[in-house]
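Enquirer: Return atomic coordinates for the entry below.
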Amino acid sequence: MTYVLPSVIPIAVGSDNHGRPIIEGTGFALEHSGIFATCWHVAAKYKELSQLDNDEVNALGMKDNFLRIAARNKDGLYIWHKIEKGTTMSVMEENHDLFIFRLVDVSIPPLALHREDVWDMGAEVGVIGFPMGNILQAEGNMLQPYVLKTIVSGAVRYKMEDGTKTPQLALDTLIASGYSGGPVFSTKDGSVMGMVRSQLMEGAGIKMPTGITFAIAPSMIRKGMHALCDISIKRMQTALWPDIYPEQPE
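Expert: Numbering: from 1, shown residues only. Prediction:
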């Protein structure tokens, strides 16, 4: 767990009237330098609020609508970094609830993804995140990540909203809001077995929470990471050799 903890970050969208960042979820650093993963629904709040002007933001009881992450320093304190528009590249997979982004000025030790979407049933795993927004957090830089220990209860191909099926890991635990985007890691070697997405809740004939939480598989995270690396290479080629690699429309 001590190996994983420095790689996990809280993600905040906006700040309250006292200037305190409002935590929406969790993310973590990936294998390539400066690349991070979280869930699309965590970042979606920023997409919504970024369209508002200052008066509209203030009317919501917020001081600003910036996107922020916090990096843990050697003393265990979390230092917030404001992400300015245009300073990051990202890949969004709304249908698969995946958001991969790159930050060039933030150095955080990365986690290794598990090699395959193969899980041993009953294997012990850990989850790290920042649940319940700011409710469980102290003031200032003394942020407190929370750790859960659970087991792998199954592997499923979960049907997404667009009808496609994607590999996901099922965990034997109830999960609070704010854990979304957090890593599910092996307690043996610290590798990322998945990324927390959602609980299986009421609906589809289910009358109560089931105690099952779904996590996005490493293959989907790796696919998003490689897509972002491809974008980075193309932009670098365009900057160096514009005649050979003309800029493509977004």
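
Enquirer: where does this protein have its least confident helix or strand?
Expert: In the chain, no helix or strand scores lower on mean pLDDT, DSSP states H and E than helix 218-240, which sits at a mean of 66.

Enquirer: Run the chain-centre distance for the longest strand seen in the chain.
Expert: The residue-count maximum for a strand in the chain (DSSP state E) belongs to strand 146-159. Mean-position distance between strand 146-159 and its chain equals 16 Å (Cα atoms, centre = their mean, to the nearest Å).

Enquirer: outside of it, which residues touch it?
Expert: The contact list for strand 146-159 (Cβ atoms under 8 Å, 6 or more residues apart in numbering) reads 1, 117, 119-131, 136, 165-173, 175, 179, 187, 193, 212, 214. Bear in mind the C-beta positions are built from the backbone N, C-alpha and C, glycine included.

Enquirer: What segments of the protein are strands?
Expert: Under DSSP E, the chain gives strands at 8-16, 21-29, 35-38, 62-72, 78-83, 89-93, 98-102, 124-129, 146-159, 165-172, 183-186, 192-199, 212-216.

Enquirer: for the ones you listed, which one sits closest to L113?
Expert: Each of the strands of the chain was scored for nearness to L113 using Cβ to Cβ, and the closest is strand 192-199 (5.0 Å).

Enquirer: Need the pLDDT of the residue nearest to the spatial centre of the chain.
Expert: Computing the C-alpha centroid of the chain and ranking residues by Cα atoms, centre = their mean puts T38 first, at 1.5 Å. If you check T38, the pLDDT there is 93.

Enquirer: Which residues does it form beta bridges with?
Expert: With DSSP bridges applied, T38 shows beta-bridge pairing to F99.

Enquirer: In JSON lines, list the strands of the chain along with distance to L228.
Expert: Output for these, formatted as JSON lines (distance: least, Cβ to Cβ, whole Å):
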{"stretch": "strand 8-16", "distance to L228": "17"}
{"stretch": "strand 21-29", "distance to L228": "13"}
{"stretch": "strand 35-38", "distance to L228": "6"}
{"stretch": "strand 62-72", "distance to L228": "16"}
{"stretch": "strand 78-83", "distance to L228": "15"}
{"stretch": "strand 89-93", "distance to L228": "5"}
{"stretch": "strand 98-102", "distance to L228": "5"}
{"stretch": "strand 124-129", "distance to L228": "22"}
{"stretch": "strand 146-159", "distance to L228": "23"}
{"stretch": "strand 165-172", "distance to L228": "18"}
{"stretch": "strand 183-186", "distance to L228": "18"}
{"stretch": "strand 192-199", "distance to L228": "15"}
{"stretch": "strand 212-216", "distance to L228": "15"}
